[in-house]
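just need the structure, nothing else, for what follows:
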Amino acid sequence: MDNDTNLNGVFRHAWSPKYVTKFTNMPGHSMVQLEQEVNGSDYSLNFKTMNANPLEMTGLYMASYLQSVTQKLVVGSEIVLQRPTRDMEETAMSLVGKYTGSDYIATVQFQGMGAIQTSYYQRINEKVDFGVELNLMAQGGRREAVATVGGKFDFRQATFRGQIDTTGRVSAVLEEKMAPGFSFLISGDLDHMKGQSKFGIGIMLSA
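Purely as a prediction, here's the structure:
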């Protein structure tokens, strides 16, 4: 629940190690998302819908496929179909690649219209992780770039996650482990450019 009293919920169920279903409901943002994962020995499939209306075939639909080329290199693609109304449709396709080292992960995604997204994750030790992400947009005379740096710190009874980007946006989440399978969450988001801030609390249950 955030400071606008919007209550958001996430449900995740693993039918088996191969099939995982996830349901997300955010009434305050008018968003309902259903996600299905299929994980094979050397591939993974992901299907996702947001605010889907099967009768009118409107909403946002995404499908992605990842294939292991070697033990460390994975390549794949993603297709996104947007239909806000029955007479409006937009399709986009992107290519992705991921390389996994002993203690790091590097990814790159080539999207349509001159957009490129890269990321790098580094495990410092058992309790500290850091990552950086760079988004580039080059379309016509438009040139934009946003870089984000974040980290995760594990303590004995808590986990802290925080990030900051070059637009001045800062966000953080503190997860306090109250008991086995039960955690209390506190989150905050501050956007200096827009002069907006959000604060939220929540609980997480796991079996």
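
which residues does residue 13 contact?
Counting by Cβ atoms under 8 Å, 6 or more residues apart in numbering, residue 13 touches 20, 21, 22. Using the backbone N, CA and C atoms, a C-beta is placed for each residue, glycine as well.

thought residue 49 was touching residue 63?
No. Contact between residue 49 and residue 63 fails when scored by Cβ atoms under 8 Å: they sit 9.9 Å apart.

for the one helix or strand in the chain whose mean pLDDT sits lowest, the distance to its chain's centre please.
Taking all helices and strands of the chain together, the one with the lowest average confidence (mean pLDDT, DSSP states H and E) is strand 9-14, at a mean of 85. The gap between where strand 9-14 is centred and where its chain is centred comes out at 15 Å by Cα atoms, centre = their mean, to the nearest Å.

likewise stretch 144-151?
Its chain's average C-alpha position is 14 Å from that of stretch 144-151, according to Cα atoms, centre = their mean.

start the count at 7 instead of 1 going forward.
Done: numbering now begins at 7, and the last item shifts to stretch 150-157.

and it, which residues are buried?
Neighbour-count burial for stretch 150-157, counted by 16 or more other Cβ atoms under 10 Å, picks out 154, 156, 157.

what's the answer for stretch 197-212, then?
Residues of stretch 197-212 classed as buried: 206, 208 (neighbour count, 16+ other Cβ under 10 Å).

what's it in contact with?
By Cβ under 8 Å, 6+ apart, the list of residues contacting stretch 197-212 from outside reads 7-10, 14, 173-176, 181, 187-196.

turn the buried ones among these into a named PyMOL selection, would you?
Filtering those down to the buried ones (16+ other Cβ under 10 Å) takes a single PyMOL command:
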select buried, resi 8+175+181+189+193+194+195+196
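
strands - which of the contacts of stretch 197-212 land there?
Counting by DSSP state E, the part of the contacts of stretch 197-212 found in strands is 175, 176, 181, 188, 189, 190, 191, 192, 193, 194, 195, 196.

which one is the third one nearest to, not counting chain neighbours?
Spelled out, it's residue 181. Excluding the flanking residues, the one nearest residue 181 by Cβ to Cβ, 6 or more residues apart in numbering is residue 165, at 4.5 Å.

in terms of neighbours, single out the busier of residue 55 and residue 69.
More neighbours sit around residue 55 than around the other of residue 55 and residue 69, counting by other Cβ atoms under 10 Å; the figures are 18 against 14.

packing partners for the one helix or strand the more buried one maps to?
Using DSSP states H and E, the secondary-structure element containing residue 55 is strand 49-59. Other elements packing on strand 49-59 under the criterion 3 or more Cβ pairs under 8 Å, 6 or more residues apart in numbering; DSSP states H and E are strand 37-45, strand 64-74.

output the ones you listed as CSV; include the columns mean pLDDT and distance to residue 110.
Compiled in CSV, the helices and strands packed on strand 49-59 are given as follows (pLDDT from 0 to 100; distance: least, Cβ to Cβ, whole Å):
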stretch, mean pLDDT, distance to residue 110
strand 37-45, 90, 22
strand 64-74, 93, 18
